[in-house]
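Engineer: sequence and computational prediction follow.
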Protein chains: 2
Amino acid sequence: MEFSSRLLHQAVEEIAKLPGIGKRSALRIALHLLKQPEEQTVQLTEALNRFRKEVKYCKTCYNLSDNEICDICSDASRDHQTVCVVEDVRDVLAIENTGQFKGVYHVLGGVISPMEGIGPGDLFIAPLVERVRGSHVDELILALSPTIEGDTTGLYIYRQVQALPVKVSTIARGIAFGEEIEFADEMTLARSIQNRIPFEKSLKF
Amino acid sequence: MEFSSRLLHQAVEEIAKLPGIGKRSALRIALHLLKQPEEQTVQLTEALNRFRKEVKYCKTCYNLSDNEICDICSDASRDHQTVCVVEDVRDVLAIENTGQFKGVYHVLGGVISPMEGIGPGDLFIAPLVERVRGSHVDELILALSPTIEGDTTGLYIYRQVQALPVKVSTIARGIAFGEEIEFADEMTLARSIQNRIPFEKSLKF
């Protein structure tokens, strides 16, 4: 695309670097901002700069936080002996939205992926092991994606804490609520039969 | 979504105001920026602010420009007697990309749409009429979308310049290149038969 304005060109180039946004959408966004009051662009750019510069990782769980220790970790009413291990911030949001988990979290910042060059050292696994070693943690619940990377990461963590007095569990995998059995993949279906639960337990929520 | 950080929350809220971006994509974008060097956020926000504050509308054609007069209007090698009238900047880009048009443009900034409360006064139609009256324009090519709004706008412009010594034409409508006739809509098909052209003419490009 040959733009009539370098300013427009640069804005589009920068917007198109964001994930999931192509050149066309970037142009649409730039032209949209031009039609809105200048105030909207100011607010957008200020929010982005403040977020990028000032947001912190919680020193305990590595969740995003405005303070040294996040709201969840500093909430005394939560169960600090049960730590749910997740890949990133979005998983914390998803689990918090269920309203079913009253423990605390540990955010790894990704999963082990040799393909993308991400090793254990690039993730917050060592601080997790330190945390289990240093404070009283009864159980680690591994809530990682059921992928090769997720499984590898889970196994790695399991081996690191194996010698420590902590129970390691993993979230149940099986047929999702509302999913039809005939459309479930073989792997999931096989595992859900293997890991079947007493019927009475399935009635509780 | 309940965020662990107000900074993250505000960034997501602002990103999600952009067209075509929901809360989920906005979160993905914010987390992406956090993983990239801070420099990327700085470059993005600077480009947006500079674009929003400094970009100008060309005083002749109302295309976006870094200067008072845009590159196309100040290009002496172009045919300034032939003015192509378009809805917005994207149409200029699309037509320029064909490399087939050597005239100049007039960007209306939209089309007449009573539904959206856009009247002729909200568009750069009066400056177009002034332009035709004040300088030597042989032909106005209306390149507006084949919608009710586009047709209304075209008719309005036609009536405004009817008394002036200028030819008004409209871009050809018909079966698009590569389109199959059986799938063409009736309106397009009917018009393409009505406005048929000599076969020899269709061979030229």
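Structural biologist: Cool, the structure landed. It should be emphasised that the depicted structure is a prediction, and the values quoted were computed from it without experimental measurement.

Engineer: drop to CA atoms for contacts and neighbour counts, all remaining ones
Structural biologist: Noted.

Engineer: pretty sure residue A:14 is in contact with residue B:51, am I right?
Structural biologist: No - using C-alpha atoms under 8 Å, residue A:14 is not in contact with residue B:51, being 11.3 Å away.

Engineer: higher neighbour count, those two?
Structural biologist: residue B:51 (25 against 19; other C-alpha atoms under 10 Å in any protein chain shown).

Engineer: point out where chain A drops to low pLDDT.
Structural biologist: Applying pLDDT under 70 to chain A picks out residues A:1, A:202-205.

Engineer: could I get the full set of helices for chain A?
Structural biologist: Using DSSP state H, the helices found in chain A span residues A:6-15, A:23-35, A:38-54, A:89-98, A:125-134, A:148-161, A:186-194, A:199-203.

Engineer: so of the ones you listed, which one's packed in deepest?
Structural biologist: helix A:6-15 (a mean of 21; mean count of other C-alpha atoms under 10 Å in any protein chain shown).

Engineer: need the residues that contact that one.
Structural biologist: A:3, A:21, A:23, A:26-27, A:30, B:43-44, B:47-48, B:50-51, B:54-55, B:64-66 (C-alpha atoms under 8 Å, 6 or more residues apart in numbering or on different chains).

Engineer: between that helix and helix A:23-35, how big is the angle?
Structural biologist: Relative orientation of helix A:6-15 and helix A:23-35, computed by axes from the mean of the first three to the mean of the last three C-alpha atoms, to 10 degrees: 120 degrees.

Engineer: how far does helix A:6-15 sit from its chain's centre?
Structural biologist: Centroid separation for helix A:6-15 versus its chain: 31 Å, with C-alpha atoms, centre = their mean, to the nearest Å.

Engineer: quick one: which of the helices of chain A is nearest residue B:78?
Structural biologist: Closest approach to residue B:78 among the helices of chain A is made by helix A:6-15 (20.6 Å; C-alpha to C-alpha).

Engineer: CA-only coordinates of the closest one, as PDB, when you get a sec.
Structural biologist: Output in PDB follows, covering the C-alpha atoms of helix A:6-15 (Å, rounded to 0.1, in the frame of the first residue of the first chain):
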ATOM      1  CA  ARG A   6       4.100   9.300   6.100                       C
ATOM      2  CA  LEU A   7       2.400   9.900   9.400                       C
ATOM      3  CA  LEU A   8      -0.400   7.600   8.300                       C
ATOM      4  CA  HIS A   9       2.100   5.100   7.000                       C
ATOM      5  CA  GLN A  10       4.000   5.000  10.300                       C
ATOM      6  CA  ALA A  11       0.800   4.700  12.400                       C
ATOM      7  CA  VAL A  12      -0.400   1.800  10.200                       C
ATOM      8  CA  GLU A  13       3.000   0.000  10.300                       C
ATOM      9  CA  GLU A  14       3.100   0.200  14.100                       C
ATOM     10  CA  ILE A  15      -0.500  -0.900  14.600                       C
END
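
Engineer: if we can go back for a sec, got TSV for the helices of chain A, with distance to residue A:177 too?
Structural biologist: Below are the helices of chain A laid out as TSV (distance: least, C-alpha to C-alpha, whole Å):
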stretch	distance to residue A:177
helix A:6-15	38
helix A:23-35	35
helix A:38-54	36
helix A:89-98	14
helix A:125-134	31
helix A:148-161	22
helix A:186-194	13
helix A:199-203	12
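
Engineer: so which of the ones you listed is nearest residue B:181?
Structural biologist: Checking the helices of chain A against residue B:181 by C-alpha to C-alpha gives helix A:23-35 as the closest, at 28.3 Å.

Engineer: which strands or helices does the closest one pack on?
Structural biologist: On a contact count with 3 or more C-alpha pairs under 8 Å, 6 or more residues apart in numbering or on different chains; DSSP states H and E, helix A:23-35 meets helix A:6-15, helix B:38-54.

Engineer: give me that answer again for 6 Å
Structural biologist: helix A:6-15 (3 or more C-alpha pairs under 6 Å, 6 or more residues apart in numbering or on different chains; DSSP states H and E).

Engineer: now the helix it packs on against helix B:38-54, angle please.
Structural biologist: Using the same axes, to 10 degrees, helix A:6-15 lies at 150 degrees relative to helix B:38-54.

Engineer: can I get the longest strand along chain A in CSV? Just the C-alpha atoms.
Structural biologist: In chain A, assigned by DSSP state E, the strand with the most residues is strand A:79-86. Taking C-alpha atoms only, strand A:79-86 is exported to CSV below (Å, rounded to 0.1, in the frame of the first residue of the first chain):
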residue,chain,number,x,y,z
ASP,A,79,-6.2,-20.7,51.0
HIS,A,80,-2.4,-20.0,50.7
GLN,A,81,-1.6,-23.7,51.0
THR,A,82,-3.2,-24.6,47.7
VAL,A,83,-1.3,-23.2,44.7
CYS,A,84,-2.7,-23.4,41.2
VAL,A,85,0.0,-23.4,38.6
VAL,A,86,-1.0,-21.7,35.3
